[in-house]
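K.L.:
with the sequence up front, the predicted model follows.
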Amino acid sequence: MASDIELVQIVDAAVAEAVRRAGTAMVCRKGCTHCCIGPFAVTERDLERLRVGFGLLDERLKERMALRFAEARETMREEFPGNWVSGRLTSQEAADLFDLRHPWLPCPVLDLETGACSLHAWRPVACRLHGPALRVNGVDLRHCRLNYTGVGVEELRVAVELPEEEESPLTYIAWAVRP
Ligand code: SF4
C-alpha cells in the first residue's frame, strides 16, 4: 500500500500537469470557494491527514474552527445517513446521499473572510482532484464548470492511476478534525 505522502504526490503531480496543459483555461484560484460549499465524504486517510494539519494550527485558529465544526455538526445532525456517533457513512449509497444534503453549508475548514482553505496542505484528495479534467483509474472525473471555457477538454485531460486503497470507511469532514 502506498504511503499517504506517495498518494498525495501522485495526485498533486497529475493536477499540476493538468493545470500546465490547460493554461489560461484553468481559472482555479485562492478565494474561489465554488468547491468548498456543501459537505462531502472523505476517507480515513484524509481524516488522519487533516488531524495532523489541525494539530499544527495555532490555538486561536483551532478554537475558531472548533466552533465551526460544532455548528456544522448541529446542522447535519438531523437525517444524518450514517452512524452519528462515529461520523461514519457506512456505504457508498449513504455517502452519495450525504453529498446531496445541506448544499449551502460551507466546509468548516474554509476561511469565510479570505476564501482560503485553512488546512490547504492537508486537504482531502477529493479537494485536490476537483477542478481540472482528470481520468482517475480509467474514470473521467467531472471538472469544475468554471474551467475550460471555449476549449476542447478531452485533449487536455490527464490520466492518473491511484494506488488501490485498503477498505476505507467513509467519514465526513465536520468530524475529520474534531478536537
Ligand atoms: S478542506 Fe479546504 S479545499 Fe477542501 S472543501 Fe474544505 S476548505 Fe475547501
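P.N.:
Perfect, I can see it now.

K.L.:
next, the most centrally placed residue in the chain: phi, psi?
P.N.:
Closest to where the C-alpha atoms of the chain average out (C-alpha atoms, centre = their mean) is Cys127, at 3.0 Å. Torsion angles at Cys127 (phi, psi; degrees, to the nearest 10) stand at phi -70, psi -40.

K.L.:
close enough to count as contact, it and Leu119?
P.N.:
No - the criterion here is C-beta atoms under 8 Å, and Cys127 misses it with Leu119 at 9.4 Å. All C-beta spots, glycine's among them, are computed from the backbone N, C-alpha and C.

K.L.:
roughly how far does the residue nearest to the centre of the chain sit from the ligand?
P.N.:
To the ligand, Cys127 is 3 Å away according to C-beta to the nearest ligand atom, to the nearest Å.

K.L.:
the lowest-mean-pLDDT helix or strand in the chain: how far from the chain's middle?
P.N.:
Lowest mean confidence among the helices and strands of the chain (mean pLDDT, DSSP states H and E): helix 173-176, at a mean of 73. A distance of 11 Å separates the centroid of the chain from that of helix 173-176, by C-alpha atoms, centre = their mean, to the nearest Å.

K.L.:
residues in contact with that helix?
P.N.:
Helix 173-176 is contacted from outside by 39-40, 42, 46-47, 50-51, 69, 72-73, 76, 87, 107-109, 124, using C-beta atoms under 8 Å, 6 or more residues apart in numbering.

K.L.:
just the buried ones from those residues?
P.N.:
39-40, 42, 46-47, 50, 69, 72-73, 76, 87, 107-109, 124 (16 or more other C-beta atoms under 10 Å).
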